[in-house]
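Visitor: here is my input; please provide its structure:
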Amino acid sequence: MRPVNLIPADLRHGQHSPMRTGALPYLVVGVLVALLAAVALLVTANSQVSERESELAKVEREDKAAEAQANRLAAYTQFQLVHEQRLATVTSLADSRFDWERVMRELALVLPGDVWLSELNASASADAEGGAGSGGLRGGVPGPALEINGCATGQEAVAGFVTSLEDIDGVTRVGVEESALPDQENGSVSGGGEEASGGCQTRDFIAEFKLTVAFDAAPVPAVGGAEGEVTAAEGESTEETVPESEGETETAAE
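Guide: Next up, the predicted model:
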């Protein structure tokens with residue numbers, strides 16, 4: 001005979017017992033888990049967005065504060081820039097100037113009694129406007145220089161004057177362009193010792209010279225133009241007279 005299971009289907013246990021509710025509860029649980037995960041991710045994303053927005057707002061506030069501070073300090077920055085520009089201008093002007101007053105004072109101190117000047121030119125550069133020009137020895141001196149014309153009681157006096165000029169502060173070299181006694185054969189000086197047609201050679205032992213005193217270490221002005229030109233009046237000197245007596249003339253000539 002075929003066996004028959006008389007136990008109701010809802011009370012059966014084992015492999016062949018049917019499901020009471022089916023797969024629906026599992027589907028519901030899966031959906032709920034998925035929703036829970038989505039909510040958790042959404043909350044986390046919202047939290048991160050809020051945090052980033054807070055940081056962005058903080059950075060923007062700091063940027064505005066820094067910009068406001070920079071605007072407040074802009075005036076000081078501009079003032080510092082103007083100060084530096086003016087300082088550079090003053091320094092450039094100071095470097096391009098030359099102390100002619102000191103040079104003239106020292107020249108007066110070293111000028112010997114047996115030397116007198118007929119012309120004195122001072123220029124800041126060889127091509128300076130108003131200068132004596134760029135010819136002769138002056139053309140080889142790019143910076144400040146003195147051009148001195150005058151007379152002395154003999155060549156030894158000229159040599160002594162050159163040595164004295166080298167004692168002036170800042171002088172680097174002294175060039176002798178010309179130093180000569182009168183040409184008696186051509187009658188430059190009259191036989192009686194009277195003054196000839198011109199110049200400072202009033203005696204046959206008086207040497208007329210042309211010197212160039214260079215200040216090579218001094219800065220050359222950035223723009224053309226002399227700071228000043230000093231021209232001594234012809235015949236001006238600390239010693240304007242020469243021996244008048246015939247005996248003194250002969251002694252000096254010897």
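Visitor: any regions of the stretch 151-254 of the chain where pLDDT drops low?
Guide: 184-198, 220-254 (pLDDT under 70).
Visitor: tell me if I'm right that residue 122 and residue 141 touch.
Guide: No - counting by CB atoms under 8 Å, residue 122 does not reach residue 141; the two are 11.9 Å apart. The C-beta positions use only the backbone N, C-alpha and C, and glycine is treated the same way.
Visitor: now the helix or strand harbouring residue 71: mean pLDDT?
Guide: Per DSSP states H and E: residue 71 is located in helix 24-96. Throughout helix 24-96, pLDDT has a mean value of 85.
Visitor: I'd like the next helix or strand past it.
Guide: helix 100-110.
Visitor: show me how far that following helix is from its chain's centre.
Guide: 28 Å (CA atoms, centre = their mean, to the nearest Å).
Visitor: beyond it, next helix or strand please.
Guide: Taking DSSP H and E, what comes next after helix 100-110 is strand 115-123.
Visitor: mind listing what that following strand pairs with, with the direction of each?
Guide: Strand 115-123 sits in its sheet next to strand 145-152 (antiparallel), going by DSSP bridges.
Visitor: what does the partner strand contact?
Guide: Strand 145-152 is contacted by residues 103, 107, 112, 114-123, 126, 132, 138, 158, 161, 165, 199-201, 206-215, 237 when judged by CB atoms under 8 Å, 6 or more residues apart in numbering.
Visitor: centre of the chain to it, how far?
Guide: On CA atoms, centre = their mean, the centre of strand 145-152 falls 34 Å from that of its chain.
Visitor: domain ranges for this protein?
Guide: 23-96, 100-240 (automatic domain parsing).
Visitor: deepest of those, which one?
Guide: domain 100-240 (a mean of 17; mean count of other CB atoms under 10 Å).
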